[in-house]
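Next input, structure requested:
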Amino acid sequence: MASYNNGVSAFFLVAFLFAAASTPLAHGQVVTLRGLTVNGSLCCTPTGNCPGQGVSGVPVSLNCTIVDVGARVLGSGVTNVNGTFNITVPALTGLILGLPILPCVVTVQLPLSPVVCPVLNATTGILAATVNSVGTVLTSTLGLVQAATIGAFFNVMI
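Numbers count the residues shown, from 1 in each chain. This is a model prediction of the structure:
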């Protein structure tokens, strides 16, 4: 009897988590996020986009527009030896869910060191990439977490 109850409890827990994570939100509904995690890559190409050789040790910033607050740098990271990065920020309030593109960009300050990437050493400005939602995940440690990846980098000349 105990294994049946455990199986039923596990089934209902999984069903509840699935329903909570997949319930569509009304257009424009503001939801409190417990976190946002953004993954991406930077490659040594004229645009910074992959495929190509990953660029390591490069600072990357996550900039978002928050409802009733404005634009803010919410987090930062550094690319690893493969040129990939993961920026996770906890306790966001005011990001609008349900949109394929979040009101955020990931930025990289140019030029890069010629030792790190000679191609991006001759370029000035800022590389910026949109942040695209890949879903909402309900976790036991943080609660509601928005998972995202970046679009293509483009150069913003200043």
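
how about Asn121, phi and psi?
phi -80, psi -30 (degrees, to the nearest 10).

Would you check that it makes contact with Pro46?
No: shown here, Asn121 and Pro46 do not form a contact pair, counting by Cβ atoms under 8 Å, at 11.3 Å. Yep, even glycine has a C-beta here, placed from its N, CA and C like the rest.

Next, the distance between the ends of stretch 51-60.
This stretch, stretch 51-60, spans 18 Å end to end (Cα to Cα, to the nearest Å).

Tell me how far the residue nearest to Asn80 when sequence neighbours are not counted lies from Thr149.
With Cβ to Cβ, 6 or more residues apart in numbering as the criterion, Asn80 has its nearest non-adjacent residue at 6.1 Å, and that residue is Ser56. Between Ser56 and Thr149 the distance, using Cβ to Cβ, to the nearest Å, works out to 19 Å.

re the thing from before, can you name the residues that contact the residue nearest to Asn80?
By Cβ atoms under 8 Å, 6 or more residues apart in numbering, the contact list for Ser56 reads Thr79, Asn80, Val81, Asn82, Gly83, Val116.

hang on, the earlier thing: comparing Asn121 and Pro46, which residue is more hemmed in?
Taking Asn121 and Pro46 together and counting by other Cβ atoms under 10 Å, Asn121 has the greater number of neighbours (15 against 11).

How about the contacts made by that one?
By Cβ under 8 Å, 6+ apart, the contact list for Asn121 reads Pro111, Leu112, Ser113, Pro114.

okay if I get those as TSV plus secondary structure?
Shown next, in TSV, are these (DSSP: H, G, I helix; E, B strand; the rest coil):
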residue	secondary structure
Pro111	coil
Leu112	coil
Ser113	coil
Pro114	coil
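
May I ask which of these has the most neighbours?
For these, neighbours were counted using other Cβ under 10 Å, and Leu112 has the most, 22 neighbours in all.

Run through the residues that contact the residue lying closest to that residue once chain neighbours are set aside.
The shortest distance from Leu112 to any non-neighbouring residue, by Cβ to Cβ, 6+ apart, is to Leu120 (4.3 Å). Leu120 sits next to Cys44, Pro46, Gly48, Val55, Leu110, Pro111, Leu112, Leu127 when contact means Cβ under 8 Å, 6+ apart.
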